[in-house]
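> Give me a model of this one.
(one chain, ligands or ions: 1)
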Amino acid sequence: MNELHGKTIVLGVSGGIAAFKAPAVASLLVQSGARVLVIMTAAARQFVQPLTFSGITHNSVYTDAFVPSSPTFSGHVSLAADADCVVVAPATAATIARLALGISDDLIGLVALSTRAPILIAPAMEERMYHHPATQDHLRTLASRNVRSVGPAVGRLASGDHGEGRMVEPTEVIQAVEAILARSGALRGVKVVITAGPTQEPLDPVRFLGNRSSGRMGYALADAAVAAGARVTLVTGPTALHPPAGADVIAVKTASEMLAAVDSATRDADLLIMAAAVADYRPEESQSRKIKKENAGGSINLRLVRNPDILASVDRPDLIKIGFAAETDDLMENAARKLQTKHLAMIIANDADATIGSTHSAATILMADYTVRSLPRMPKTQLAAEIVKAAAQLVANRDHA
Ligand code: CTP
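Now for the predicted structure:
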């Protein structure tokens, strides 16, 4: 399904080198059937000509002068009202700051304050500017207001340095817009909490016990759930993956932190999908200082204590729980036992060796009524879409019960 067809996208272009990618964003939007209205800041016009965008979009380009070439222009209010989605790409540090603070001294700021449409930003700046606490604070402020962001990516920056701050590729911007517009999907209005990645249980300030989970399954589920229209909270252990566009992300390290985050995020949730590889044990003591060989001697005895079982302990009357079982032996027996003891509606069983850390997975889906569906090895993104489809069916069944 093409989510963009017939939609009005207001594309705000702010001024940085990455502005050279904005015409490609506009072009892809137009090719997908969207009506594209471009706003350029004064700085953006130092990098790209308005003519480029009017040529691509066949529409007037709106500039900070508030006077576009079209006589029908009725100001930022109509732009804000017409938009199905406002996309700011690239979003420079200055534009991000303006949006966070609600400063309306340019047309992008005015539209952002006036619109009720979802807003997506694609940050682009030098790495130090991106990591600066000011920028990070602004990004958090925007995220808390449900402004979605995509990127930035790691790569070559305008300075010639390599680092984080590069605007994502135009195709990724389009995917993020599609995900936002797809909120009419099977999980529309449903709140889903998804966990991903490993947990890390500290031994001392520099060492931890962890596992090989990459987080790919959980992140793919978050993407699929956003695409199906859900409100998604992703509770993630440490991973090397980019946060999915359109989801609220809570980063945790330990199983206890994950439990606290899941417990609070599920208060008003419909679905919990536990894809995280939670450590079952943690060191009884975590040293506040680095363990030194001289003090520890030739061997160390580690005493481990049990972590809480998150999936089993978070239980609410209307919460539909979905778990994973990665096993090396007796796959179906173990999966069935976990389904029952943790009160799950569905469990996805797979071979631990073949799935953990991999981009692909085969799976057997076991439902609470013990119906079984086997899926062949496929990319985790595809498996995620299957799981989300089955999850949507569970929500529909609950609502019709
Ligand atoms: N899980 C959890 N909290 C834990 C351990 C596991 O919420 N402390 C969740 C996992 O995210 C998964 C499901 O429970 O969805 C099954 O996890 P798994 O590690 O396969 O099983 P365990 O219940 O830990 O049992 P065992 O390790 O003995 O196989």
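> element containing the spatially closest residue to Ala276 that is not a sequence neighbour, please.
Nearest residue to Ala276, sequence neighbours excluded (Cβ to Cβ, 6 or more residues apart in numbering): Thr195, at 3.7 Å. For every residue, glycine as well, the C-beta is placed using N, CA and C. If you go by DSSP states H and E, Thr195 is part of strand 191-196.
> Tell me the first helix or strand C-terminal of that strand.
Under the assignment DSSP H and E, the closest C-terminal helix or strand after strand 191-196 is strand 201-204.
> That next one pairs with which strands, and in what direction?
For strand 201-204, the paired strands and their directions (DSSP bridges) are strand 207-209 (antiparallel).
> immediately after the partner strand, which helix or strand?
helix 216-227.
> relative to helix 216-227, how tilted is the next helix-or-strand element following that following helix?
Sequence-wise, the next helix or strand beyond helix 216-227 is strand 231-236, with elements assigned using DSSP H and E. On the basis of axes from the mean of the first three to the mean of the last three Cα atoms, to 10 degrees, strand 231-236 is oriented at 170 degrees to helix 216-227.
> Run through who's touching strand 231-236.
The contact list for strand 231-236, computed with Cβ atoms under 8 Å, 6 or more residues apart in numbering, reads 189-197, 215, 218-219, 222, 225-226, 243-244, 246-252, 258, 261-262, 265, 269, 276.
> at 6 Å what do you get?
Strand 231-236 is touched from outside by 191-197, 222, 225-226, 247-251, 258, 261-262, 265, with contacts defined as Cβ atoms under 6 Å, 6 or more residues apart in numbering.
> Give me the buried subset of these.
Taking 16 or more other Cβ atoms under 10 Å as the criterion, what is buried in the contacts of strand 231-236 is 191-197, 222, 225-226, 247-248, 250, 258, 261-262, 265.
> And for Thr63, the neighbour number?
Thr63 has 19 neighbouring residues, counting by other Cβ atoms under 10 Å.
> quick one: contacts for the closest residue to it other than its chain neighbours?
Closest residue to Thr63 apart from its sequence neighbours, by Cβ to Cβ, 6+ apart: Met40 at 5.4 Å. By Cβ under 6 Å, 6+ apart, Met40 lies in contact with Val13, Pro50, Thr63.
> Now do the phi/psi pair for Met40.
Main-chain torsions, Met40, degrees, to the nearest 10: phi -120, psi 140.
> Find the residue at the geometric middle of this structure.
The centre of the chain sits closest to Pro244, judged by Cα atoms, centre = their mean, with a distance of 2.1 Å.
> Close to the ligand: what parts of the chain are there?
By Cβ under 6 Å from any ligand atom, the part of the chain that sits against the ligand consists of 255, 274, 276, 278, 280, 307, 309-311, 323-326, 338.
> what's the first-to-last distance across stretch 229-239?
End-to-end span of stretch 229-239 (Cα to Cα, to the nearest Å): 25 Å.
> is the residue nearest to Thr63 in a bridge, and if so with what?
Going by DSSP bridges, Met40 forms beta bridges with Val13, Thr63.
> which secondary structure element contains Glu333?
In the assignment (DSSP H and E), Glu333 maps to helix 331-341.
> Which residues outside whichever helix or strand comes after that helix are in contact with it?
Once the chain leaves helix 331-341, the next helix or strand it forms, by DSSP H and E, is strand 346-351. For strand 346-351, the surrounding residues in contact (Cβ under 6 Å, 6+ apart) are 322-326, 331, 335, 338-339, 361, 363-367.
> tell me the mean pLDDT for strand 346-351?
Regarding strand 346-351, the rounded mean pLDDT is 95.
> List the buried residues in the next helix or strand after that strand.
On the C-terminal side of strand 346-351, the nearest following helix or strand under DSSP H and E is helix 352-355. Across helix 352-355, burial judged by 16+ other Cβ under 10 Å covers Ala352, Thr355.
> Let me see the domain layout of this structure.
The record's domain split for the chain, according to automatic domain parsing, is 8-182, 191-399.
> Mean pLDDT lowest where, among those?
Among those, domain 8-182 carries the lowest mean pLDDT, a mean of 90.
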